[in-house]
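S.K.: how would this look folded up:
(chains A, B and C)
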Amino acid sequence: MEALMLTVLLTSVPLIFAATGELVAERSGVLNLGVEGMMLMGAVSAFAATAIVGNPYLGVLAGAVAGAMTALVFSLFALGLATNQVATGLALTIFGTGLSGLVGAPFVGGTIEGLPNLAIPLLADLPVIGNLLFNHDFMAYLSIGFLLAVGWFLRRTRAGLVLRAVGNSHDSAHALGYPVLLVRFCAVSFGGMMAGLGGAYLPLVLTPHWSEGMTAGRGWIALALVVFASWIPSRILVGALLFGGITIMQLAGQARGWVVPSQMLSMLPYIATIIVLVVIARNREFALANSPACLGRLFIGSK
Amino acid sequence: MISMIPRKHIPLSLTLLTPTIAIILTLLFGAGIFGLLGFSPLGSLYTFFVAPISRPDQIGDLFVKACPLIITATGLVFCFRANVWNIGAEGQLVFGAIFSGWMALSFPHWPAMTLMPAMIVASIIGGIFWAMIPALLKVRFNTNEILVSLMLTYVAALFIDWLVRGPWRDPMSFGFPLTKMYSDAALIHRIDVPFVGMLGQLHWGVVGALILAIFGGFVLSRTILGFQIKVMGDAPRAGRFAGFNPNLITIGVMAIAGGAAGLAGMVEVSASMGQLQPNVSFGYGFTAIIVAFLARLNPVGVIFAGLIVALAELGGDHAQIALGMPKVVTGVFKGVLLFMLLAGETFNRYHITWRHPAPMPGSREQ
Amino acid sequence: MKIKSILSFGAIVAVASMAISALVGITSITAAHAADKVKVGFVYLTTPGDHGWTYAHEVGRQQVEKHFGDKVETTFVENVPEGPDSARVIRELAKQGNDIIFTTSFGYMDHTIKVAKEFPNVKFEHITGYKRSTNVATGNIRFYEGRYVQGVVAGLMTKSNKIGYVASFPIPEVIQGINAFGIGLRSVNPKAEVSVIWVNSWYDPVKEADAAKVHIAEGADILAQHTDSPAMLQTAQKAGALGFGQSSDMKAFAPKAQLFSSVNNWGPYYINKIQQLMDGKWSTGDGPDHWAGNTWVGMSDDFLVLSPFENMPADVAAAAAKAAADIKSGANKIFTGPIKDNTGKLRVPAGKTLNDGELFTTLDYYVDGIAGKIPG
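M.R.: Numbers count the residues shown, from 1 in each chain, chains lettered A, B, ... in the order given. Model (predicted):
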């Protein structure tokens, strides 16, 4: 059971990264549907960098940079040229899927040495939870670190306040003299970096391979997680564990001989996403209390 | 200083010019990518975009490849015009194939006169059924139709996989995942063009697709329904003041898009496969999104856009056979083309100058 | 958009494309077709880099080039989905003058048959299917033979008596493999049990790794796979478990975990069929037994090869070698009764051996030693 829970934890890490990043972007009022594309770019870059240089930590860096660079393309169009955010995000996913496949073509079938586990002294020796919580790779700790930092940043810092102000009413924020587009640009770039890290986790920890489209919809599930979390960072953790749990459960169920067609079990993460979206949306007060009012709206200001 | 001022009137020349420029820019970008990959840029462009349609039969095949894209994109245009973001056409297409497949497999002895219309109706119902899930959830609970329709695409793909490997598997297929072959009455046949003969795989479904796109253009530009859809998309507040029911519009456009996608699924299976298999759609639902945008959300433009995007797909195969170029290049092309089109949209809608005009901050409701 | 504008839109596109074609047409070169060479086309499902199924075919293609040298010219097309696109690609290969075309995945079956009708002078070889026509032959490897040996080794090596199997899709070739594994397992170990996880994919490294992790978490210490990536073996190595590779030798990916790999060796098959074509002796070899395709061969002809036995004690390696030798010589046909299913029901009476047709039509159960039920 402990080993299964460990697997669940690992499965949820990419979701934590990507959803936390997207949450920041959305809090600034930008809906970037390109998470899947950014994750794939992060995954392929992390794999390629590690394969070429041989250092997985460099792979982490490469994944982060690639994700941010991919987000830059989004910013250029959706912020710079005020194109429709939904369509631009879709374009980013299509583009990122294609480009990652192209960049990754020579790496298909190769393998890398992934990130090692770093046991935290003393804590890792605790019975049961020691191994479960304190004996992980660098990125797993990093994901939690980012989650906490984002929660603190949004609630406790002035910059976080500005970011939320921009997301809630870009006109008022602009009138107050805040650089709306700059704030959004930073938020989107951060979102891209986090998606890149989430993607990088797949080849660096989960399986030391690159394959086309290996994120298999995780980017979209991350988007759903932001809604599930009703734009509050700490709730992302709950959601990510839930989805990680369902992903692993459908495999464990088969191993334990559940008499359900495997396709039906494979549907579970996607159906669960829909159910969660409905449950959350039913309670409007809860769902929309922290929803950025300007999410997805265009801002045309003088720049 | 860049400033963007919304245009009051979009000149016709711009309407036509922007997609053209977008295509040319994409080609230039493509030439750059070919160069980076170590291929001759011009030679590759030729192999990609000209060689695949240098024989009459290949032109027929181009229309065949474009057929599901044209049908699906025609429906999507209605959704996107109304600002309803159905990106799950892929799943709706699969359900159209499943419903029509059920007719074809259950009533193989019916004559074409009855079976074919029954399959068409079934496919449309199947597509609408799958599209109604995100539509009703959006109307009733305000859930996000983008995420729901996308998640349902994964579910649909797994569902048909289960059907074809499980209950619908042909008992004579030795355990392999195929349904029975459709009866002849359930197949869409190739066109014997007068004086020319067969043009590749050109089939009657293509004619249907062209008619559908033109009919879609008529509905959108000449009917009250089309008018309501456009108003709700461009100015929802005005639409509500005018008494249009936004929920009905949402359900309506989702039904149109789902029905069209379902029909595309039926046509694809009946014309090109002849039986259900675990995978009946190969990204048509997603590619159709690009087609709809390339057409500038105009159903008639969808015909040209569908052909252009289909050409990029054929070019990908051809470049691989002739040059050994990785096939994923096509995906990059599609993404870049969509970016260029969106940018073009901005140049259409706004007058962009370098002077500093009177400050006019403001946002536009999307 | 008005009709006029549509027309001008079309005109612009047309002019633009003509301009480009004129520009480029000058520089384009058409390859001269050397008439004396035999042109061979291959259609691949994924890319040769998968280190599994397609890689094994690519190795075969390279062997063809090496064997025939200038006498052949080979072309391959990768990532061809199993739908109408495949018909177009096969047709294109035929039109470009290929004399023989190998289509290397089951899903190309009906498309191969269809295109073959249009090109009666071109020979087609469909891999893993069962439909043939005058110019379409079929070929396959008895993959299950290697899996029997895997079962023997797993039965001798397991300490927990739990074995995890990562499977792709419940098609005959996979079911045959699972059952052969079970029969091999039971021949040496009466207690061990195999649990199967279906990942619904041939190549999905993330899901294959997840399935392997779950198997290990549930107590399995030996893993087997009928999917294509080395992800399962790598996961096994990380967790200190052992396993078997698939399609190609995967030792390089998990040197401490691989017991051995069943390697698909397509080269001899391809070379044989191309030689037949050159000699004018190519045929579909239609026999009365139509089930499995006329070229269904395995270890006896070295079409299926086992990589060296490693990470196991000498006595286990010897038992494995003995099992392999018996299959090679034909002494052990594997599906010979008595065979009981996992509910205890006798399915094949003593003394009877399932023929090729029955291997495809009657195996709708798991044999004793495999847990659960076949899905679907």
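
S.K.: Can you pull the residues of chain C lying near chain A?
M.R.: C:47-51, C:55, C:164, C:195-200, C:203-211, C:213-218, C:229-231, C:234-235, C:253, C:371-373, C:375-376 (C-beta under 8 Å from any C-beta of the partner chain). C-beta coordinates here come from the backbone N, C-alpha and C atoms, glycine included.

S.K.: 6 Å instead, please
M.R.: Neighbours of chain A within chain C, by C-beta under 6 Å from any C-beta of the partner chain: C:47, C:49-51, C:195, C:197-198, C:200, C:205-206, C:209-211, C:213-214, C:217-218, C:231, C:234, C:253, C:371-372, C:375.

S.K.: buried subset of those residues?
M.R.: Buried subset of the residues of chain C next to chain A (neighbour count, 16 or more other C-beta atoms under 10 Å in any protein chain shown): C:47, C:49-51, C:195, C:197-198, C:200, C:205-206, C:209-211, C:213-214, C:217-218, C:231, C:234, C:253, C:371-372, C:375.

S.K.: List the ones among these that fall in helices.
M.R.: C:205-206, C:209-211, C:213-214, C:217, C:231, C:234 (DSSP state H).

S.K.: can you tell me how far residue C:190 sits from residue C:158?
M.R.: 12 Å (C-beta to C-beta, to the nearest Å).

S.K.: Find residues that contact each of these two.
M.R.: The contact sets of residue C:190 and residue C:158 do not overlap (C-beta atoms under 6 Å, 6 or more residues apart in numbering or on different chains).

S.K.: ok, those two, which is more surrounded?
M.R.: residue C:158 (21 against 11; other C-beta atoms under 10 Å in any protein chain shown).

S.K.: Adding distance to residue A:278 and pLDDT, write the ones in helices among the buried ones among the residues of chain C next to chain A out as JSON lines.
M.R.: Listed next are those as JSON lines, based on distance: C-beta to C-beta, whole Å; pLDDT from 0 to 100:
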{"residue": "C:205", "distance to residue A:278": "33", "pLDDT": "88"}
{"residue": "C:206", "distance to residue A:278": "28", "pLDDT": "90"}
{"residue": "C:209", "distance to residue A:278": "32", "pLDDT": "94"}
{"residue": "C:210", "distance to residue A:278": "27", "pLDDT": "93"}
{"residue": "C:211", "distance to residue A:278": "30", "pLDDT": "95"}
{"residue": "C:213", "distance to residue A:278": "31", "pLDDT": "94"}
{"residue": "C:214", "distance to residue A:278": "29", "pLDDT": "95"}
{"residue": "C:217", "distance to residue A:278": "32", "pLDDT": "93"}
{"residue": "C:231", "distance to residue A:278": "34", "pLDDT": "91"}
{"residue": "C:234", "distance to residue A:278": "39", "pLDDT": "92"}
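
S.K.: could you point out which element follows the helix or strand harbouring residue B:58?
M.R.: Residue B:58 is part of helix B:56-81, with elements assigned from DSSP states H and E. With elements assigned by DSSP H and E, the helix or strand that comes after helix B:56-81 is helix B:89-106.

S.K.: tell me the pLDDT at residue A:203?
M.R.: If you check residue A:203, the pLDDT there is 95.

S.K.: How far off centre is stretch B:277-296?
M.R.: Taking C-alpha atoms, centre = their mean, to the nearest Å, one finds the center of stretch B:277-296 at 4 Å from the center of the full chain.

S.K.: average pLDDT for it?
M.R.: For stretch B:277-296, mean pLDDT rounds to 88.

S.K.: what's the answer for stretch B:14-30, then?
M.R.: Per-residue pLDDT over stretch B:14-30 has a mean of 85.

S.K.: just stretch A:147-159 next, same as before
M.R.: 95.

S.K.: anything in stretch A:204-213 near chain B?
M.R.: No: Stretch A:204-213 lies apart from chain B when judged by C-beta under 6 Å from any C-beta; the minimum separation is 6.9 Å.

S.K.: Same check on stretch C:356-369?
M.R.: Yes: with C-beta under 6 Å from any C-beta as the measure, stretch C:356-369 is seen reaching chain B through residue C:360.

S.K.: which of the residues in that stretch are buried?
M.R.: With burial defined by 16+ other C-beta under 10 Å, the residues of stretch C:356-369 counted as buried are C:356, C:359-361, C:363, C:365-369.

S.K.: export it as CSV, just CAs?
M.R.: Only the C-alpha atoms of stretch C:356-369 are listed here, as CSV (Å, rounded to 0.1, in the frame of the first residue of the first chain):
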residue,chain,number,x,y,z
ASP,C,356,-2.6,-23.0,-36.0
GLY,C,357,-6.2,-22.3,-36.7
GLU,C,358,-7.2,-23.3,-33.2
LEU,C,359,-4.6,-21.0,-31.7
PHE,C,360,-6.5,-18.1,-33.3
THR,C,361,-10.1,-19.3,-32.7
THR,C,362,-10.2,-21.2,-29.5
LEU,C,363,-8.0,-19.3,-27.0
ASP,C,364,-10.7,-17.2,-25.3
TYR,C,365,-9.6,-18.2,-21.8
TYR,C,366,-6.5,-17.8,-19.6
VAL,C,367,-4.7,-21.0,-18.8
ASP,C,368,-4.0,-22.1,-15.2
GLY,C,369,-1.5,-19.7,-13.6
